[in-house]
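A.B. asks: Here's my sequence, what's the structure:
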Amino acid sequence: MREVWRLYRMSGSFAAIVGGAGGALAVLAMVVGFVWFCMLQRRSFSNKNSETGSSDPSAVVEMKRGGGPSSSSAPALSEPHGTRQFTIEELEQATKHFNESKLIGYGSFGLVYKGFLCDGTVVAIKRRTGVPRQELVEEVVHLSGIWHRNLVTLLGYCQERGYQMLVFEHLPSGSMCNHLYDTGKDSTTKLEFKQRLTIALGAAKGLCHLHSQKPPIVHSNFKTANVLVDENFIAKVADAGVMKLLQRIEDATPSHTTSSNVFRDPEVGPMGLFSEMSDVYSFGVFLLELVTGREASHIDSLGYNGSILQWVQTHLSSNDFVDHRLAGSFIAEGMDDFIRLTLQCMSYPGKQRPKMEMVVLEIDRILEKEITLTTVMGEGTDIVLGSQLFTSK
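C.D. replies: Numbers count the residues shown, from 1 in each chain. Presented below is the predicted three-dimensional model:
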């Protein structure tokens, strides 16, 4: 009997232990589940706010805040939630009434001013004359919802007092034109090959994201001047969708659609029918400028019957093809592959050109290999330039 009682008490203790352990496991499972849920939420937010999210946190705040239509002399236009409509008073205050000292450039949409909003945000304001148009509002709504690390963020618009204005994030280092071309003068910016590859990769990702939209967004005016860089030299594509916007408001100026534009795909024709492959051609011309350090328009004016490819074929094996400032900063194989990709992007007919997603992968591969080889081989790496580049194999 005593033995039975002892076994009974032991079984009770065992049950208590098992019950306690089961409860502890249940609590632990709930905690793990909660932590896992939080991690998923954080990862989702992080992904949205990286490559495909806004690269400017202040821009996200402003877009969410919106900003309802203010008192204006312009006709009332419908404004969907989430797109900011700036007042003319805000933009005049930001630019000191569009003072000439705030003028920083001129683009397809008109004059470009640097402005400081009252909350400290630095912006680029593009202004042109024109009456209020609902089509402009619709395009701004569409474009401002497309965020990517390598696209210049469109923050909002204003249509008052006979002007149409677009407000973008401002990039302090400006266009690549300010840093790339060899003017013969000493420049404070020394872009070695890996840096140029990184910039090319960023611009390619920006275009690729535009082409991935449903339906695809064709830039139609991609050029080196529209590749901007921030203080860390992260490349961002500017003016995405602006050409279509101008066409919709029936005022696309001939000076920005003429075939004399060296970045324009010769296959586009006089009707201006652009496609993703047209952007790929323009990107190829951009890559050519990264390789040579020269303005493509200068190359085009050297008397080669308007054919940049003819100039490339003539100079490909010469010592003056690759930018002399790149000497000592690249591996021959990497430069070989980069030039080959450049020619593929500019090839005829257009259907033979690679899609931007393939261009991204190839530049990424070249960059990774370049980093690996230059790191392993160090300063003693055999660097090949000019005529030896394609004859050494």
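A.B. asks: the bottom helix or strand of the protein by mean pLDDT?
C.D. replies: helix 57-65 (a mean of 35; mean pLDDT, DSSP states H and E).
A.B. asks: Quick one: the helices in the stretch 101-250 of the chain, in order.
C.D. replies: Ranges of helices within the stretch 101-250 of the chain are 134-144, 177-180, 193-211, 242-248, based on DSSP state H, counting those that start in this stretch.
A.B. asks: In CSV, list those helices along with distance to residue 315.
C.D. replies: C-betas here are computed from N, CA, C, even on glycine. Listed next are these as CSV, based on distance: least, Cβ to Cβ, whole Å:
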stretch, distance to residue 315
helix 134-144, 39
helix 177-180, 18
helix 193-211, 18
helix 242-248, 31
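A.B. asks: Tell me which of those sits nearest to residue 158.
C.D. replies: helix 134-144 (10.1 Å; Cβ to Cβ).
A.B. asks: which helices and strands sit right next to that closest one?
C.D. replies: Packing partners of helix 134-144 (3 or more Cβ pairs under 8 Å, 6 or more residues apart in numbering; DSSP states H and E): strand 154-160, helix 242-248.
A.B. asks: Can I get it in CSV? Just the C-alpha atoms.
C.D. replies: Output in CSV follows, covering the C-alpha atoms of helix 134-144 (Å, rounded to 0.1, in the frame of the first residue of the first chain):
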residue,chain,number,x,y,z
GLN,A,134,-5.8,68.3,-65.0
GLU,A,135,-3.5,66.1,-67.1
LEU,A,136,-0.5,67.5,-65.2
VAL,A,137,-2.1,66.6,-61.8
GLU,A,138,-2.9,63.1,-63.0
GLU,A,139,0.7,62.5,-64.2
VAL,A,140,2.1,63.9,-61.0
VAL,A,141,-0.1,61.6,-58.9
HIS,A,142,1.1,58.6,-60.9
LEU,A,143,4.8,59.6,-60.9
SER,A,144,5.0,60.7,-57.3
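A.B. asks: how about that helix: buried residues?
C.D. replies: Buried positions in helix 134-144, judged by neighbour count with 16 or more other Cβ atoms under 10 Å: 136-144.
A.B. asks: next one: stretch 224-237
C.D. replies: 224-230, 234-237.
A.B. asks: And the strand or helix carrying residue 91, what does it pack against?
C.D. replies: Assigned by DSSP states H and E, residue 91 belongs to helix 88-94. Counting contacts by 3+ Cβ pairs under 8 Å, 6+ apart, helix 88-94 is packed against strand 110-116, strand 122-129, strand 154-160, strand 163-169.
A.B. asks: Each with direction, which strands does the third one pair with?
C.D. replies: Yep, that's strand 154-160 we're talking about. The pairing partners recorded for strand 154-160 under DSSP bridges are strand 84-85 (parallel), strand 163-169 (antiparallel).
A.B. asks: Would you mind finding the most buried of the ones you listed?
C.D. replies: For the strands paired with strand 154-160, average neighbour numbers computed from mean count of other Cβ atoms under 10 Å are highest in strand 163-169, which has a mean of 24.
A.B. asks: Pull the residues that contact that strand.
C.D. replies: Residues outside strand 163-169 that contact it (Cβ atoms under 8 Å, 6 or more residues apart in numbering) are 55-56, 59, 84, 86, 88, 91, 109, 115, 122-133, 136, 140, 152-159, 238, 242, 249.
A.B. asks: Just tell me which of the helices and strands packed on helix 134-144 ends up closest to residue 347.
C.D. replies: Closest to residue 347 of the helices and strands packed on helix 134-144 is helix 242-248 (Cβ to Cβ; 23.5 Å).
A.B. asks: buried set for that closest one?
C.D. replies: Buried, per 16+ other Cβ under 10 Å, within helix 242-248: 242-246, 248.
A.B. asks: So residue 287 sits against residue 345, correct?
C.D. replies: Yes. Using Cβ atoms under 8 Å, residue 287 is in contact with residue 345, at 6.4 Å.
A.B. asks: follow-up on the earlier one: possible to save the helices of the stretch 101-250 of the chain as TSV with mean pLDDT and distance to residue 371?
C.D. replies: Shown next, in TSV, are the helices of the stretch 101-250 of the chain (pLDDT from 0 to 100; distance: least, Cβ to Cβ, whole Å):
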stretch	mean pLDDT	distance to residue 371
helix 134-144	95	34
helix 177-180	94	21
helix 193-211	98	6
helix 242-248	93	35
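A.B. asks: And residue 189, how far from residue 297?
C.D. replies: Distance, residue 189 to residue 297, using Cβ to Cβ, to the nearest Å: 21 Å.
A.B. asks: Neighbour count for those two, which is higher?
C.D. replies: residue 297 (16 against 12; other Cβ atoms under 10 Å).
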